[in-house]
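> Build me a structure from this.
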Amino acid sequence: MTSAGFDAKFLGTAAGLPTLTETGADDAVELNGSTTIDYTHFSLALSKSRRFAIWVAWNIDGGEMKALSRSNIPFIKDPRVPAEFQTGDELYRDNRLDRGHLARRADLCWGPKAEAQRANKDSFFFTNITPQMDDFNQSTKEGLWGRLEDAVLADVDVDNLKVSVYGGPVFNADDRVFRGVPIPREFYKAIAFVVDGELRCSAFLLTQNLVLAEALDLDEFRVFQVSVAELEKRVNFTFPAELHTADTAAVQLLDESERKPLNSLAEIQW
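Numbering: from 1, shown residues only. Model (predicted):
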């Protein structure tokens, strides 16, 4: 596998990879002596204890996108990583959990055709997958969460149509366990882009309120705009300093009871 991974200089200005905390680094899988695992157009760090990605970072070249089919591409474990640290099909059989991409498949399919095809295939490694409720995953394809990256490219005058995205699950100690696997109920994204030569970053938190008992039910899902600093309180890594400086959240939002979910793309501070 030839994998260039996430390009920190993709936007023409520094926007590098997250840095794991000591706790995060102790829990991260190492490949060739590094906790960063590279794929075509994206990189990630993988949790040994949770068996999902701690963070995924990916580049999107909106001007070079290729429309590629997902047909006949299997979800598989990455052979470079011990299988014991990956959650595979055993979790998803015969229930309402979808295999949800963290780095969106369509985001990665750009560049020369062979490169785009390689990225398309790479997106299906289980290291890039987390469980998401079927109606959460499917409904958000046309909802706010699934349209965030598209909205930047469409609604913001992004220089050269290039965007870098950071995303992943939030690991909570009280995540509900299903088939022996704690299921993340919260996800985050931080979207970095350049407008008129200025780096900007907008961060978001999604909660899928899972009810796991004998059956799998989805109560509701909500999307919030948050600050980069607030996201860092929920994860085992820090974002690059440049993204803190570029944060478009005007004020640090207070406690969760005062935070209001986004109802439309128009409410986002880009």
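> residue closest to the middle of this structure?
residue 167 (2.6 Å; Cα atoms, centre = their mean).
> The residue lying closest to that one once chain neighbours are set aside: what secondary structure?
Nearest residue to residue 167, sequence neighbours excluded (Cβ to Cβ, 6 or more residues apart in numbering): residue 189, at 4.3 Å. In short, each C-beta sits where N, CA and C put it, glycine included. Secondary structure assignment for residue 189 (DSSP: H, G, I helix; E, B strand; the rest coil): strand.
> how about the helices of this protein, start to end?
For the chain, the helices defined by DSSP state H cover 22-27, 105-108, 113-122, 134-139, 144-155, 228-232, 241-245.
> mind giving me TSV with these and columns for distance to residue 261?
TSV is the format used below for those (distance: least, Cβ to Cβ, whole Å):
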stretch	distance to residue 261
helix 22-27	28
helix 105-108	23
helix 113-122	32
helix 134-139	14
helix 144-155	9
helix 228-232	15
helix 241-245	23
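> nearest to residue 91, of the ones you listed?
helix 134-139 (13.5 Å; Cβ to Cβ).
> check contacts around residue 64.
Taking Cβ atoms under 8 Å, 6 or more residues apart in numbering, we find residue 64 in contact with 110, 111.
> circling back: which positions are bridged to the residue nearest to the centre of the chain in the beta structure?
residue 56, residue 189 (DSSP bridges).
> where does the chain dip in pLDDT?
1-3, 134-143, 209-220, 250-258 (pLDDT under 70).
> And the strands in it?
Using DSSP state E, the strands of the chain run over 19-20, 37-39, 42-46, 53-61, 97-101, 129-133, 162-170, 177-178, 181-182, 186-195, 198-212, 216-226, 237-238.
> Of all those, which one is nearest residue 245?
strand 198-212 (7.6 Å).
> What residues of the closest one count as buried?
In terms of neighbour count (16 or more other Cβ atoms under 10 Å), strand 198-212 has its buried residues at 199, 200, 201, 202, 203, 204, 205, 206, 207, 208, 210, 212.
> now those residues in CSV, with distance to residue 223?
CSV is the format used below for the buried residues of strand 198-212 (distance: Cβ to Cβ, whole Å):
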residue, distance to residue 223
199, 23
200, 19
201, 17
202, 12
203, 11
204, 6
205, 7
206, 5
207, 8
208, 10
210, 16
212, 21
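> show me the contacts for the residue nearest to the centre of the chain.
Taking Cβ under 8 Å, 6+ apart as the test, what residue 167 contacts is 55, 56, 58, 102, 103, 187, 188, 189, 190.
> Residue 162 too?
Counted by Cβ under 8 Å, 6+ apart, residue 162 has contacts 10, 11, 12, 59, 60, 61, 62, 63, 193, 194.
> how far away is the second one from residue 145?
Here residue 11 is placed at a distance of 22 Å from residue 145 (Cβ to Cβ, to the nearest Å).
> what do you get for the third one?
Distance of residue 12 to residue 145, computed by Cβ to Cβ: 27 Å.
> When those two are compared, which one has more neighbours?
Applying other Cβ atoms under 10 Å to residue 12 and residue 145 shows that residue 145 carries more neighbours, namely 22 against 12.
> wait, that one sits on residue 207?
No. If you go by Cβ atoms under 8 Å, residue 145 and residue 207 don't touch, sitting 10.5 Å apart.
> got any residues that touch both of these two?
residue 221.
> Give me whichever of the helices of the chain is most buried.
helix 105-108 (a mean of 22; mean count of other Cβ atoms under 10 Å).
> List the contacts of it.
40-42, 58, 60, 65, 70, 116, 119-120, 122-124, 149, 165.
> Kindly format the C-alpha coordinates of stretch 237-246 as PDB.
Output of stretch 237-246 as PDB, limited to C-alpha atoms (Å, rounded to 0.1, in the frame of the first residue of the first chain):
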ATOM      1  CA  PHE A 237      -5.200  15.000  21.700                       C
ATOM      2  CA  THR A 238      -4.600  18.700  21.000                       C
ATOM      3  CA  PHE A 239      -5.300  20.400  17.700                       C
ATOM      4  CA  PRO A 240      -2.500  22.400  16.000                       C
ATOM      5  CA  ALA A 241      -2.000  25.900  17.400                       C
ATOM      6  CA  GLU A 242      -2.900  27.300  14.000                       C
ATOM      7  CA  LEU A 243      -6.400  25.900  14.200                       C
ATOM      8  CA  HIS A 244      -7.000  27.600  17.600                       C
ATOM      9  CA  THR A 245      -6.000  30.900  16.200                       C
ATOM     10  CA  ALA A 246      -8.200  30.300  13.200                       C
END
